[in-house]
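Q: predicted model and sequence below, questions to follow.
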Amino acid sequence: MPALEVNPDLQKERNTATFDPKEFSIFWAGGADKYKEKKALEKMFLEDPEMKDDLPTSYLSHKELYENSLRKACLIGEKIRKLRADGEDGVDTYNALLGGSLGAAILKEGNPISLHYIMFVPTIMGQGTMEQQVEWLSKAWDCEIIGTYAQTELGHGTFLRGLETRADYDASTKEFVINTPSLSAYKWWPGGLGHTANHAVVVAQLYTKGEFRGLAPFIVQLRDTETHMPMPGIDIGDIGTKLGMKGVNNGYLGLKNVRVPLNNMLMKNQQVLPDGTYVAPKNSVLTYGTMMFVRCALIRDTAQSLAKASTIATRYAAVRRQSPIDPKEPEPQIMEHTTQQLKLFPQIAKAIVFKTTGDGIWNMYNVLSGEIELGNLDRLPEMHALSCCLKAICSADAAAGVETCRLSCGGHGYMDCSNFPTIYGMTTAVCTYEGENTVMLLQTARYLVKVYGQALSGDQLVPTVAYINEAIKQKEFVYFDGSLESIVKAFQFVAANKVRVAYEQIEQRRRQGHSTEVAANLSGVFLTGAADLHGRAFLAQSAYTELMAVSRQVSPALADVLMVVLELYLVDACLNRIGDFLRFIELTDADVTKLEVRLESCLKRLRPNAIALVDSFDLHDRVLDSALGAYDGNVYEHIFESTKKNPLNKEPVNAGFHKYLKPFMKAHL
């Protein structure tokens with residue numbers, strides 16, 4: 001199809017913007033140098049004809065989709081090798097190619113080799129000794145071996161202590177014997193496990209000298225490196241089609257008396273000596289470092305999902321005309337409807353807040369990693385709790401936001417060519433993997449209840465929970481004036497009181513004779529509510545701190561827009577939890593009404609810059625892969641073009657007519 005002119009409604013929106021979208025794009029990319037790198041990567045990968053699909057992936061069989069995904073994954077791998085040889089690869093390169101930005105343009109349904117880079121390599125780096133890293137990392141980086149990370153089982157997921165896979169140390173041969181003793185013990189879900197990986201980090205319950213020692217990671221060879229046939233004792237395959245991520249080759253793994261050498265246990269944090277003597281880790285949480293690393297990365301991924309969904313839906317809302325506001329006037333752009341703005345603009349704001357917060361969390365994680373290397377574990381529990389609840393909140397909000405954007409596009413949003421089904425499938429998966437969200441909130445809540453007790457004893461808490469100290473002293477929230485700062489402080493006050501209520505519920509049930517564990521289960525509603533508000537208070541504080549800081553560094557025009565984004569995010573977040581605010585703060589009917597009116601004002605003020613903002617996310621049309629969200633805005637032409645690719649439309653009469661329909665129609669004659 002020849003290039004089309006930009007839809008005039010969309011062009012008009014761009015002409016009325018009050019700021020330069022490229023300035024925001026550079027900020028969004030992480031600076032001018034990273035923006036330049038991003039453009040170079042797009043040119044290198046998206047202009048390669050071998051990276052394009054003639055037929056939409058939704059028309060491929062599961063087998064065809066996997067094989068095509070593997071073909072392109074290997075092409076990506078070859079280019080990564082070249083970039084690394086030239087010294088031009090970096091964290092951002094891998095984030096782009098394995099995440100939801102550039103990677104999604106090439107592999108819409110996911111990359112079957114992604115876990116090799118995202119979890120197999122980082123686990124060896126984080127949990128292997130220096131000698132083990134020397135042995136395994138060169139093979140892994142060169143893709144001489146392809147790995148995955150096998151932890152979750154058919155019968156157990158987030159509850160790691162319930163895993164059944166067992167590794168028994170045989171001192172006579174200096175080997176571990178690994179077994180999945182039941183069907184529920186089969187490893188289930190690891191990406192690339194089905195038919196791609198030939199090695200895996202397998203997490204198993206460790207036994208030495210007949211005693212249980214806890215969880216340990218083992219490097220296990222799954223397939224022959226030449227023939228790719230499964231190794232003896234290995235039962236392996238693909239688990240089948242899913243809601244999303246259909247090209248990731250998620251697999252199952254059964255192990256029967258599989259022997260691996262002593263040195264195949266990753267022993268940076270815990271050791272087994274040749275005679276079977278066990279040396280415990282200094283801190284058991286160190287064993288879960290890979291998961292914390294991935295959770296921190298996922299927060300930024302959720303921002304990418306919201307950026308894509310809001311770009312598609314906002315561009316569509318500028319082009320689609322429907323439902324006159326004034327019956328005497330023509331049909332307006334649907335973005336003129338306040339209710340449409342309410343669906344879209346908060347998602348744009350959340351994308352920006354999740355991105356800035358995600359960058360901050362990533363930096364915190366890197367600082368913490370350095371401290372851990374020096375033996376300082378003081379802030380490890382704090383970081384674990386924060387990464388858990390933010391992973392849960394951001395993924396849940398992103399999944400809901402993608403669905404809201406889809407619904408805002410009416411029936412067309414239901415079509416595969418809108419790309420909403422794929423974006424939603426990829427986004428909602430984050431709610432489950434790397435820790436199911438409710439379990440993540442409960443892990444955070446346990447930490448919060450513990451530190452609340454410490455605060456009652458007079459201890460000064462670490463920075464991210466220090467607001468609890470203030471709330472205990474303050475007792476009442478003195479003055480809510482509706483300012484952005486007061487909304488942030490109110491979030492912290494409300495969160496502290498949600499933690500207080502959870503703490504009191506557990507203590508009350510313990511006094512009634514329940515164990516701490518049973519009391520926590522009975523108080524689950526209170527605990528998850530406390531963790532949710534803790535995360536949202538952190539997001540509010542982060543949004544305020546980060547966007548205020550950015551606004552001082554950019555042009556006044558962009559700063560003005562970011563201040564509207566910040567206000568919209570905070571006011572919307574407050575109204576979404578207004579019940580909790582009313583519970584702990586003396587807000588009047590007039591106070592709440594003022595907040596609702598401010599929300600409307602934010603929508604109105606953001607309206608002239610809505611298209612410029614989503615343009616600023618700088619998402620290539622191949623990344624969006626949406627008939628509704630293309631940069632040129634020619635929605636109906638792109639939808640019709642997509643129907644022409646449908647294999648059913650390649651012939652005027654389908655064979656099914658002659659086989660089934662015609663005999664049925666003629667049967668009564």
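A: Here it is on my side, so go on.
Q: where does the chain dip in pLDDT?
A: 1-2, 283-290 (pLDDT under 70).
Q: against which helices or strands is the longest helix anywhere in it packed?
A: Ranked by residue count and defined by DSSP state H, the top helix of the chain is helix 338-373. Counting contacts by 3 or more Cβ pairs under 8 Å, 6 or more residues apart in numbering; DSSP states H and E, helix 338-373 packs against helix 289-319, helix 380-408, helix 524-551, helix 556-576, helix 589-606, helix 610-616. For every residue, glycine as well, the C-beta is placed using N, CA and C.
Q: deepest-packed of the ones you listed, please.
A: The highest average neighbour count among the helices and strands packed on helix 338-373, using mean count of other Cβ atoms under 10 Å, belongs to helix 289-319 at a mean of 26.
Q: now the angle from that one to helix 338-373?
A: 160 degrees (axes from the mean of the first three to the mean of the last three Cα atoms, to 10 degrees).
Q: does Val203 belong to a helix or a strand, and which?
A: Assigned by DSSP states H and E, Val203 belongs to strand 199-208.
Q: distance to Ser626 added to the helices and strands packed on helix 338-373, as CSV?
A: Putting the helices and strands packed on helix 338-373 into CSV (distance: least, Cβ to Cβ, whole Å) gives the following:
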stretch, distance to Ser626
helix 289-319, 5
helix 380-408, 11
helix 524-551, 28
helix 556-576, 23
helix 589-606, 22
helix 610-616, 12
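Q: for Phe420, find the nearest of those helices.
A: Closest to Phe420 of the helices and strands packed on helix 338-373 is helix 380-408 (Cβ to Cβ; 4.0 Å).
Q: chain center to that closest one, what's the gap?
A: Centroid separation for helix 380-408 versus its chain: 7 Å, with Cα atoms, centre = their mean, to the nearest Å.
Q: same question, stretch 374-388
A: 20 Å.
Q: packing partners for the strand holding Val203?
A: Looks like strand 199-208 contacts strand 147-150, strand 166-170, strand 211-221, strand 251-255 (3+ Cβ pairs under 8 Å, 6+ apart).
Q: again, only this time at 7 Å
A: strand 147-150, strand 166-170, strand 211-221 (3 or more Cβ pairs under 7 Å, 6 or more residues apart in numbering; DSSP states H and E).
Q: what angle do the longest one and strand 199-208 make?
A: With the same axes, to 10 degrees applied, the angle from strand 211-221 to strand 199-208 works out at 160 degrees.
Q: list the buried residues for strand 211-221?
A: For strand 211-221, burial by neighbour count (16 or more other Cβ atoms under 10 Å) applies to Arg213, Leu215, Ala216, Pro217, Phe218, Ile219, Val220, Gln221.
Q: residue contacts, the fourth one?
A: What it means is Pro217. Thr123, Gln127, Val201, Val203, Leu266 (Cβ atoms under 7 Å, 6 or more residues apart in numbering).
Q: could I get those as JSON lines with neighbour count and distance to Ser601?
A: Formatted as JSON lines, the contacts of Pro217 follow (neighbours: other Cβ atoms under 10 Å; distance: Cβ to Cβ, whole Å):
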{"residue": "Thr123", "neighbour count": "23", "distance to Ser601": "49"}
{"residue": "Gln127", "neighbour count": "24", "distance to Ser601": "51"}
{"residue": "Val201", "neighbour count": "27", "distance to Ser601": "52"}
{"residue": "Val203", "neighbour count": "24", "distance to Ser601": "52"}
{"residue": "Leu266", "neighbour count": "23", "distance to Ser601": "55"}
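Q: closest one of these to Lys350?
A: Thr123 (30.9 Å).
Q: want to try TSV for the helices and strands packed on strand 199-208, with distance to Pro21 as columns?
A: As requested, the helices and strands packed on strand 199-208 are exported to TSV (distance: least, Cβ to Cβ, whole Å):
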stretch	distance to Pro21
strand 147-150	39
strand 166-170	54
strand 211-221	45
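Q: thanks again, I'm all set now.
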